[in-house]
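**Student:** Below is the sequence, then the predicted model.
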Amino acid sequence: MSVPSQLDRRAAVAALLKNRKDMLVISGLGSPTYDLHAAGDRDDNFYLWGAMGGAALIGLGLAQAQPSKRVLALTGDGEQLMGLGGIATIGVARPRNLDIVVIDNQHFGETGMQASHTGGGVDLTAIAAACGFAATGTMRTIEQVQRLAAQIAEPADGPRLFVIKVLAENPPRSLPSRDAVFIKNRFRAHLGFAAA
Amino acid sequence: MHSPQSHLEPHASDDWSSKLYRVLKAADVRQMSYVPDAGHSQLIRLFSADRDVTSNVLTTEEEGIAIAAGAWLGGQRSVLLMQSSGVGNCINMLSLPAIGRFPLLMLVTMRGEWAEFNPWQVPMSRATQPSLEAIGLKVMRAESAEDLVETVESAAALAYEADQQIAVLIGQRLIGKKKW
């Protein structure tokens, strides 16, 4: 079994995004979407409320369309476990401007806190490394997350995947708009594209 | 995974594939993603050799739905190529373009409906159109090469200019009988 973490997820995400500048952020359904919203609602956030497994791959399409911008897919262990094949697809595509950060509480927090596969010892960073990612790492303290925040702002040679181990708890929901058309149009307008 | 379909009769695919490539280029498609498929092999080769298009090989079809949404967020048009057997993998991910009104164009070669040798392809073939329609996609279908080119041209306009979610089904008869 993996070592339990004491890191607060909201504090970790706030520290990760403190100096994100013009980084584009996609969040996976459930708590990562609430965590991203709690860190501050922005036009360059795209929140998923469904489409489980898709956050990192939306990040890939976005990174390929916007190669001069840094793209972050902020997701949970349950969502990324559903999208394991996507790690292989991203490894082959090898975008230089995409990072995946997994907020890992080692549980399926939305559905009753059953232990997830990462709680059972599955290591997403090792999977990403085996798929050819340029860098991987696991963070367990706020100081490590602060160093990661600086690292993901810098250019990379390929995609990177980092796991932040957090305490298994459900803080109060912080709810962004559920209107996907609105969030989509707001995001595109931020990049200079007219709403259709 | 899908069965290989590598020995097609020579009568069809090269010609319509080249025409589809030109139609999609004229529609300013900048990303293509695919699960390997013999019916699409010529189109996959043409896009993969095109430095103005980013091509992604997928491990499963629903990845391409998410990639297409990301591409649109970033201002690019994406097309997704697959077999009918892969449609079953996509249903939940299709919630994303349906609820977000993201443009989506899927080109789906049919299996299990015409001179098919593999009975395991038949149930998903039967379920392809109703499943897509149940999640909210518009389904268009072509049975001849001429019809296919016009259909894809129309589907591309509907998808990228009118924000529609469209699957074009390419009849198995059009692709040709598999020879083993």
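**Tutor:** Thanks, I have the structure now. Everything numeric in this text was worked out from a predicted model, so none of it was measured.
**Student:** How about the residues of chain B by chain A?
**Tutor:** B:30-31, B:54, B:56-60, B:62-63, B:65-76, B:78, B:92-93, B:95-96, B:99-102, B:161-163 (C-beta under 8 Å from any C-beta of the partner chain). Using the backbone N, CA and C atoms, a C-beta is placed for each residue, glycine as well.
**Student:** Let's see which of the residues you listed end up in helices.
**Tutor:** B:62-63, B:65-73, B:95-96, B:99-100, B:161-162 (DSSP state H).
**Student:** Measure how buried the closest residue to A:Lys184 other than its chain neighbours is and give me the count.
**Tutor:** Once flanking residues are discounted, A:Lys184 sits nearest to B:Gly100: 5.0 Å by C-beta to C-beta, 6 or more residues apart in numbering or on different chains. Applying other C-beta atoms under 10 Å in any protein chain shown, we find 24 residues neighbouring B:Gly100.
**Student:** how about B:Gly100, what does it touch?
**Tutor:** Contacts for B:Gly100 (C-beta atoms under 8 Å, 6 or more residues apart in numbering or on different chains) come out as A:Ala180, A:Val181, A:Ile183, A:Lys184, B:Ala69.
**Student:** Neighbour-wise, give me the winner out of those residues.
**Tutor:** Once you tally neighbours by other C-beta under 10 Å, B:Ala69 ends up highest among the contacts of B:Gly100, having 29 neighbours.
**Student:** per-residue confidence at that one?
**Tutor:** The model reports B:Ala69 with a pLDDT of 98.
**Student:** residue contacts, it?
**Tutor:** Per C-beta under 8 Å, 6+ apart, neighbours of B:Ala69: A:Gly54, A:Ile58, A:Gly61, B:Leu96, B:Pro97, B:Gly100, B:Phe102, B:Leu104.
**Student:** Check which helices and strands the strand or helix carrying the third one is in contact with.
**Tutor:** This means A:Gly61. For A:Gly61, the host element (DSSP states H and E) is helix A:55-65. On a contact count with 3 or more C-beta pairs under 8 Å, 6 or more residues apart in numbering or on different chains; DSSP states H and E, helix A:55-65 meets strand A:24-27, strand A:71-76, helix A:77-82, helix A:84-93, strand A:98-104, strand B:29-34, strand B:54-57, helix B:62-73.
**Student:** Flag every residue of chain A that's near chain B.
**Tutor:** A:24, A:26, A:46, A:48, A:50-55, A:57-66, A:83, A:85-86, A:88-89, A:92-93, A:180-181, A:183-184, A:187-188, A:191-193, A:196.
**Student:** With adjacent residues omitted, what lies nearest to A:Glu79?
**Tutor:** A:Gly28 is the one closest to A:Glu79 (C-beta to C-beta, 6+ apart), at 3.9 Å.
**Student:** Pop out the phi and psi values for that neighbour.
**Tutor:** phi -80, psi 160 (degrees, to the nearest 10).
**Student:** what's the burial count for it?
**Tutor:** Around A:Gly28 there are 33 residues (other C-beta under 10 Å).
**Student:** got a list of what it touches?
**Tutor:** Contacts of A:Gly28 (C-beta under 8 Å, 6+ apart): A:Leu48, A:Met52, A:Gly54, A:Ala55, A:Ala73, A:Leu74, A:Thr75, A:Gly76, A:Glu79, A:Gln80.
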